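sequence first, then the predicted structure, then my questions.
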Amino acid sequence: MIDNPRQFLRQLFDVAVAAAQPSRVIASALPPLPRGRVIVLGGGKGAVAMAEAVEAAWPGRCSGVVVVRDGYARPTREIEVVEAGHPVPDERGVAAARRVLELAQAAGADDLVLCLISGGASAALALPRAGVSLAEKQAITKHLLACGATIHEINAVRKHLSMIKGGQLAAAAAPARVAALIVSDVIGDDIATIGSGPTVADPTTATEALSILDRHGAPVSETIRQGLASGAWETVKSLPARTTSRIIVRPRDALDAAKRWAETKGVVVVDLGDGFGREATVVAAQHLPKIVEAATGGRPTLILSGGEATVVIKGQGTGGPNTEFAVALALGLHQAGLHQSGLDHVWFLAADTDGTDGIGGHAGATIEPGFVAKCRGLGLDPVAALAANDTAGLLARTGHLLVTGPTFTNVNDFRAILVMRKE
């Protein structure tokens with residue numbers, strides 16, 4: 001019997017995040033020592049943890065720059081850490097990305113360029129092409145995020161408006177050896193999409209990028225349209241054999257660790273996988289039948305899932321995909337009669353493994369039975385909050401927000417739904 005479901009879910013989340021820490025695997029993933037210098041370059045929410053692990057494990061000297069989002073910096077000995085804007089790029093990211101590109105271009109044949117890439121690198125390493133202003137790139141990024149475009153679509157556009165993404169960082173480092181160690185935050189672990197693939201040959205095209213922009217009604221200047229339509233802004237399609245890119249941590253690692261830990265507590269685990277990538281309210285609806293099915297069982301059942309839900313922004317509130325999932329699922333459970341004072345107790349946690357879910361300084365939420373009734377007893381309307389994209393505001397008032405601070409890794413959303421028989 002699980003005496004404290006809220007505590008159980010939080011411990012489960014901590015287990016999942018711990019399994020996704022790059023420091024666990026960096027030492028075994030490092031390439032051989034070069035004859036020349038070791039230049040460490042990278043970006044993303046896990047970049048500083050990766051840089052720390054490299055410094056701890058590397059037998060010789062190294063230097064370089066990694067770029068992280070605000071609040072994700074930590075002290076390092078030799079590798080410089082720069083903070084920049086996320087998910088919308090800023091001037092700090094542009095300046096840092098320019099330095100990263102210059103360091104790559106200065107590498108020689110005997111040097112090793114060690115690239116540390118994780119989710120968030122797309123915004124951190126923002127170096128627009130000539131003819132693209134930072135303001136234009138910011139406007140396009142905001143538009144694509146707000147309309148619910150997938151990360152594959154967003155990063156396809158980012159690559160073609162950049163001087164560093166889509167294999168261009170690795171190409172700039174030639175003839176040096178390039179080795180990239182990557183933490184995946186992408187459904188399907190598409191290595192060319194993670195961080196917009198600065199060290200990976202790009203299978204997407206400039207024409208596809210323009211099509212994505214047009215399909216989502218994004219603001220496109222005539223310069224950008226011509227650059228993409230003409231193919232002049234095409235990305236790198238092949239890289240030298242001396243370039244290698246390897247995923248060292250992936251979302252599956254977090255789910256597997258959570259499953260193993262839960263099973264030691266005598267819980268039946270239903271693993272739905274890490275492939276959920278639709279709008280958050282749709283993802284919530286996809287989970288309801290599994291919860292109803294689990295409610296017919298006799299033992300506590302834990303439903304796990306991951307992926308990267310999206311949000312279509314229509315209101316002015318605070319929240320993110322995980323808080324929207326949480327409120328939408330609570331409403332669905334209430335309507336199904338499973339989240340009231342009936343035969344079953346359903347507790348769940350939905351959070352981003354990087355510690356930041358959208359806007360509001362939270363990771364996600366933990367919800368217990370009777371949540372909707374509690375909201376209405378306080379004079380709060382969860383339906384209206386969901387419509388206004390103010391789910392974090394609602395959850396803050398009810399005491400259900402999960403706040404973890406930076407986790408220094410990023411392997412997408414983590415959802416855990418605990419279904420127990422009421423005693």
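Nice, thanks for sending it over.

which stretches of the stretch 201-350 of the chain form helices?
206-215, 222-229, 251-264, 280-294, 321-336 (DSSP state H, counting those that start in this stretch).

turn the ones you listed into a markdown table, including mean neighbour count, mean pLDDT and distance to P32.
For glycine as for every other residue, the C-beta is placed from the backbone atoms N, C-alpha and C. Shown next, in a markdown table, are those (neighbours: other Cβ atoms under 10 Å; pLDDT from 0 to 100; distance: least, Cβ to Cβ, whole Å):
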| stretch | mean neighbour count | mean pLDDT | distance to P32 |
| --- | --- | --- | --- |
| helix 206-215 | 18 | 98 | 37 |
| helix 222-229 | 17 | 97 | 40 |
| helix 251-264 | 20 | 98 | 25 |
| helix 280-294 | 19 | 95 | 43 |
| helix 321-336 | 26 | 95 | 41 |
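
for A121, which of the ones you listed is the nearest?
When those are compared for distance to A121 using Cβ to Cβ, the nearest one is helix 251-264, at 16.4 Å.

just to revisit the earlier point, closest to T141 out of the helices of the stretch 201-350 of the chain?
Closest approach to T141 among the helices of the stretch 201-350 of the chain (Cβ to Cβ): helix 206-215, 11.4 Å.

figure out how far the closest one is from the centre of its chain.
Relative to its parent chain, helix 206-215 has a centroid offset of 23 Å by Cα atoms, centre = their mean, to the nearest Å.

repeat that for stretch 255-263.
On Cα atoms, centre = their mean, the centre of stretch 255-263 falls 20 Å from the chain's centre.

where are the low-confidence patches of this protein?
Along the chain, segments meeting pLDDT under 70 span 1, 339-344, 422-423.

break it into its domains for me.
5-17+252-421, 31-249 (automatic domain parsing).

could those go into CSV alongside distance to S23?
Formatted as CSV, the domains of the chain follow (distance: least, Cβ to Cβ, whole Å):
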stretch, distance to S23
domain 5-17+252-421, 9
domain 31-249, 4
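
returning to that earlier point: which one of the helices of the stretch 201-350 of the chain lies nearest to G71?
Closest to G71 of those, according to Cβ to Cβ: helix 321-336, at 18.1 Å.

just want the angle from the closest one to helix 280-294.
With axes from the mean of the first three to the mean of the last three Cα atoms, to 10 degrees applied, the angle from helix 321-336 to helix 280-294 works out at 50 degrees.

can you show me the CA trace of helix 321-336 as CSV?
Extracted in CSV, the C-alpha atoms of helix 321-336 (Å, rounded to 0.1, in the frame of the first residue of the first chain):
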residue,chain,number,x,y,z
PRO,A,321,2.1,21.8,-21.7
ASN,A,322,2.3,19.9,-18.4
THR,A,323,0.0,22.2,-16.4
GLU,A,324,-2.5,22.2,-19.3
PHE,A,325,-2.3,18.4,-19.5
ALA,A,326,-2.9,18.2,-15.7
VAL,A,327,-6.0,20.5,-15.7
ALA,A,328,-7.4,18.8,-18.8
LEU,A,329,-6.9,15.3,-17.4
ALA,A,330,-8.5,16.3,-14.0
LEU,A,331,-11.5,17.7,-15.9
GLY,A,332,-11.8,14.5,-17.9
LEU,A,333,-11.5,12.3,-14.8
HIS,A,334,-14.2,14.4,-13.1
GLN,A,335,-16.5,14.0,-16.0
ALA,A,336,-15.9,10.2,-16.0
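
for it, name the packing helices and strands.
Contacts defined by 3 or more Cβ pairs under 8 Å, 6 or more residues apart in numbering; DSSP states H and E place helix 321-336 against helix 280-294, strand 344-352, strand 364-367, helix 371-377, helix 382-387, helix 391-398, strand 413-421.

spatially nearest residue to I140, not counting backbone neighbours?
Closest residue to I140 apart from its sequence neighbours, by Cβ to Cβ, 6 or more residues apart in numbering: A218 at 5.2 Å.

contacting residues for the one you found?
Each residue near A218 by Cβ atoms under 8 Å, 6 or more residues apart in numbering is listed here: I140, H143, L144, V157, I212.

tell me the one among these nearest to P289.
Once Cβ to Cβ is applied, the member of the contacts of A218 that ends up nearest P289 is L144, at 31.0 Å.

what is the neighbour count of the closest one?
Using other Cβ atoms under 10 Å, L144 has 23 neighbouring residues.

dihedrals phi and psi, it?
Here is the backbone geometry of L144 (degrees, to the nearest 10): phi -70, psi -40.

in contact with it, which residues are there?
E153, I154, V157, I212, H216, A218.

how much space between V267 and F8?
Applying Cβ to Cβ, to the nearest Å, the value for V267 to F8 is 9 Å.

which neighbours do these two share?
Counting by Cβ under 8 Å, 6+ apart, the contacts common to V267 and F8 are I2, L418.

wait, doesn't F371 sit right on H400?
Yes. Between F371 and H400 there is a contact at 7.0 Å, judged by Cβ atoms under 8 Å.

who has more neighbours out of those two?
Ranked by neighbour count (other Cβ under 10 Å), F371 and H400 place F371 first, with 27 against 24.

gap between stretch 230-249 and the chain center?
Centroid separation for stretch 230-249 versus its chain: 21 Å, with Cα atoms, centre = their mean.

name the residues of that stretch that are buried.
Across stretch 230-249, burial judged by 16 or more other Cβ atoms under 10 Å covers W233, E234, T235, V236, L239, R242, T243, S245, I247, I248, V249.

and the residues you listed, which is closest to V68?
Closest approach between the buried residues of stretch 230-249 and V68, by Cβ to Cβ: V249, at 16.3 Å.

what is the closest one paired to in the beta sheet?
Per DSSP bridges, the residues bridged to V249 are V183.

surely it meets F408?
No. Taking contacts as Cβ under 8 Å, V249 lies outside contact range of F408: 11.5 Å.

can you list residues touching both of those two?
Jointly contacting V249 and F408 under the rule Cβ under 8 Å, 6+ apart are Q21, G46.

helices or strands up against the host helix or strand of V94?
Element membership for V94 (DSSP states H and E) is helix 91-105. Applying 3+ Cβ pairs under 8 Å, 6+ apart, one finds that helix 91-105 contacts strand 38-43, strand 63-69, strand 79-84, helix 121-124, helix 168-173.

what's the most buried one of the ones you listed?
Across the helices and strands packed on helix 91-105, averaging neighbours per residue (mean count of other Cβ atoms under 10 Å) puts helix 121-124 on top, at a mean of 31.

which other residues reach that one?
With contact meaning Cβ under 8 Å, 6+ apart, helix 121-124 is reached by 42-44, 47, 67-69, 84-89, 93, 96-97, 141, 154-155, 158, 165, 194-196, 198.
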